[in-house]
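Colleague: mind folding the following:
(chains A and B)
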Amino acid sequence: MNIVVLVKQVPDSGADRNLRNDDNTVDRGSANNVINEMDEYAIEEALKIKEAHGGEVTILTMGPDRATESIRKALSMGPDKAVHVLDDALHGSCAVATSKVLAAALGQLGADLVICGAESTDGRVQVMPHMIAERLGVAALTGARKLTVDGATLTVERQTEEGYEVVTASTPAVVSVWDTINEPRYPSFKGIMAAKKKPVQTLSLADLGVAADEVGFDGATSAVVEHTKRPPRSGGAKITDEGEGGVKLVEFLATEKFV
Amino acid sequence: MSEVLVVVEATKEFGVKKVTLEMLTLARELGTPSAVVLGGAGAAEALSGKLGEYGAEKIYAAEGDEIDGYLVAPKATVLAELVKRVQPAAVLLASAQEGKEIAARLAVKLDNGILTDVVGLDADGTATQVAFAGSTIVKSKVTRGLPLVTVRPNSVTPSPAAATPAIEQLSVSVTDTDKLATVVERVAEQKGSRPELTEAGVVVSGGRGVGNADNFKLVEELADLLGGAVGASRAAVDSGFYPHQFQVGQTGKTVSPQLYVALGISGAIQHRAGMQTSKTIVAVNKDGEAPIFELADFGVVGDLFKIVPQAAEEIRKRK
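Modeller: Numbering: from 1, shown residues only, chains lettered A, B, ... in the order given. Just a heads-up that it's a prediction; the model follows:
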């Protein structure tokens, strides 16, 4: 099975994250950039499917030059190769345009199965799997906590607000996964060394047949008008329990009219 | 005034969800609200009373197995046809999994911008969003097409405005491509009468400090006394204390209740990402240096196994 895993490089959510003041995009320059955490679960799931059913695992990333670091890191877990969509004109692309680019790349790669994380920690928009599926005319099974592959049949168990549902589709399809699906492996030393030699193909917009004015700021379907930092919350009263902590807590709740 | 389409979120168990009432309230500021019910047979009829109470002037309904038996693709197809026909001033959906997914497909079908996790929307289409775990406020606009936004639960206070909506059944013309992802089975797991986590006015969450699954009864007890939902930190979920659907944080649910009570939760960024826009935060933790206290309006340093039962007893006394 030809599996493509979508990997996004994001600013580390543990550090201070900002939008740029000049063009309102996510500041990726000064940030400590990492693989979007949920994507590691997608990679792990792809590797497990390959181990059980054979095939090839390709990483697909759209992002600036420095996304190469995350691509190598992803490859060190075990995928076979990577494709990096890299083009200056992509800067400022909205979700709709991003899906156009990724769908074009996936079309060229001819994937049977596309796996991605359910959301990224920077935007948390959660729309990419369905946007891509809509463009490719394939099924999207999203939010998987369990994925079973039986020939060309995919069965996914997904959490819902009421419980869970079981959904099924045939390949080709897009599957997005939550972090409950598996436990991602750590790259081994051998894996890290091997990753340095794995092929990483770079594709430009021209290679994909997407016009520059369909992406970036020119092609954006939405725009950030302004952004401000919220003042950090300041802690209020803090008491140490000396036997009356529970009562005092309720007294506070009562003054705030919760009790 | 032009119509504003509100895509209804509802459950079999609870009926119309609160976020739908919030969207109807918001829609009234922008134009004339029309509710769109995409669901099983008879759904619109069952929900019409509540939708009318909050100002829906009209209800569009697409119902049946063709709509409900698959993941969101058929819903997006029906909605796209409706949008083309009525040319609404805006389309509002809930910022939950299904709402975002329908909106995603609609955006591609109409080549239209999309804004998610919106907490406010002005008449000129400017949306307010909260980004980066609540640390940044963003004002944004759809620049191609109509305002297509998903609204985060607990962003608006629902206010009633009686209307008597007529139901218009939409003809359903979904394609084979819309029917690629089949729902085989739906299993209800949520038990009891607690409010849904993202919609609850009060959330009481437990973390690693709760110690084990059995001890979560303490968290549940306090939640029930406060009429709230139960949440859990990732550490508690990973340790198997509580099911994943109740996880609050970066890889779980984002909540924004009036009151958030954190019990035995240290307040790692992972957790804060999901709760720091709560109006009032109360924390109990044995470690006085825990970062959760930097957020808490009221914090108690001490043993939650002593403090929580005492608080529960005190609430009972006052009732």
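
Colleague: how close does residue B:303 get to residue A:79?
Modeller: As for residue B:303, its distance to residue A:79 is 48 Å (criterion: C-beta to C-beta, to the nearest Å). C-beta: built from backbone N, CA, C; applies to glycine.

Colleague: of those two, which one has the most company?
Modeller: Higher neighbour count among residue B:303 and residue A:79: residue A:79, with 24 against 15, using other C-beta atoms under 10 Å in any protein chain shown.

Colleague: okay, the more buried one: pLDDT?
Modeller: As predicted, residue A:79 sits at a pLDDT of 98.

Colleague: residues of the helix or strand harbouring residue A:157 that come out buried?
Modeller: Using DSSP states H and E, residue A:157 maps to strand A:153-159. Within strand A:153-159, the residues scored as buried using 16 or more other C-beta atoms under 10 Å in any protein chain shown are A:154, A:155, A:156, A:157, A:158, A:159.

Colleague: nearest to chain B among these?
Modeller: Set against chain B, the nearest of the buried residues of strand A:153-159 by C-beta to the nearest C-beta is residue A:159 (5.2 Å).

Colleague: wait, residue B:50 touches residue B:17, no?
Modeller: No - taking C-beta atoms under 8 Å as the contact criterion, residue B:50 and residue B:17 are not neighbours in contact, 10.0 Å apart.

Colleague: one step back: counting contacts, what elements does the strand holding residue A:157 pack onto?
Modeller: strand A:139-150, strand A:163-170, strand A:173-177 (3 or more C-beta pairs under 8 Å, 6 or more residues apart in numbering or on different chains; DSSP states H and E).

Colleague: okay, now the sheet partners of it, with direction.
Modeller: If you go by DSSP bridges, strand A:153-159 pairs up with strand A:139-150 (antiparallel), strand A:163-170 (antiparallel).

Colleague: what residue ranges in the chain score low on pLDDT?
Modeller: Defaulting to chain A. Along chain A, no part satisfies pLDDT under 70.

Colleague: oops, I was thinking of chain B
Modeller: In chain B (pLDDT under 70), the answer is B:190-192.

Colleague: what does the domain assignment say about it?
Modeller: Following automatic domain parsing, chain B resolves into domains at B:3-179, B:197-318.

Colleague: look at residue A:49 and tell me its secondary structure.
Modeller: helix (DSSP: H, G, I helix; E, B strand; the rest coil).

Colleague: looking at the strands paired with strand A:153-159, which is buried most?
Modeller: Burial of the strands paired with strand A:153-159 is given as mean neighbour count (mean count of other C-beta atoms under 10 Å in any protein chain shown); strand A:139-150 ranks first at a mean of 22.

Colleague: what does that strand rub up against?
Modeller: A:1, A:45, A:49, A:52-53, A:113, A:118, A:129-130, A:132-134, A:154-159, A:164, A:167-170, A:173-178, A:180-181, B:71, B:73, B:97, B:101, B:180-181, B:244 (C-beta atoms under 8 Å, 6 or more residues apart in numbering or on different chains).

Colleague: picking that back up, so which of the strands paired with strand A:153-159 gets nearest residue B:293?
Modeller: strand A:139-150 (33.2 Å; C-beta to C-beta).

Colleague: now the closest one against strand A:173-177, angle please.
Modeller: Calculated by axes from the mean of the first three to the mean of the last three C-alpha atoms, to 10 degrees, strand A:139-150 forms an angle of 80 degrees with strand A:173-177.

Colleague: so how far is strand A:139-150 off the chain centroid?
Modeller: Put simply, strand A:139-150 sits 16 Å off its chain's centre (C-alpha atoms, centre = their mean, to the nearest Å).

Colleague: mind exporting that strand as CSV, just the C-alpha atoms?
Modeller: In CSV, the C-alpha atoms belonging to strand A:139-150 read as follows (Å, rounded to 0.1, in the frame of the first residue of the first chain):
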residue,chain,number,x,y,z
ALA,A,139,-13.4,9.4,1.5
ALA,A,140,-12.3,11.1,4.7
LEU,A,141,-12.4,9.0,7.9
THR,A,142,-11.5,11.6,10.5
GLY,A,143,-10.6,11.5,14.2
ALA,A,144,-9.6,7.8,14.3
ARG,A,145,-8.8,6.3,17.6
LYS,A,146,-8.5,2.9,15.9
LEU,A,147,-7.8,2.0,12.2
THR,A,148,-8.1,-1.5,10.7
VAL,A,149,-6.9,-2.3,7.2
ASP,A,150,-8.4,-5.3,5.4
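
Colleague: make JSON lines out of the domains of chain B and add distance to residue A:90.
Modeller: Converted to JSON lines, the domains of chain B look like this (distance: least, C-beta to C-beta, whole Å):
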{"stretch": "domain B:3-179", "distance to residue A:90": "17"}
{"stretch": "domain B:197-318", "distance to residue A:90": "26"}
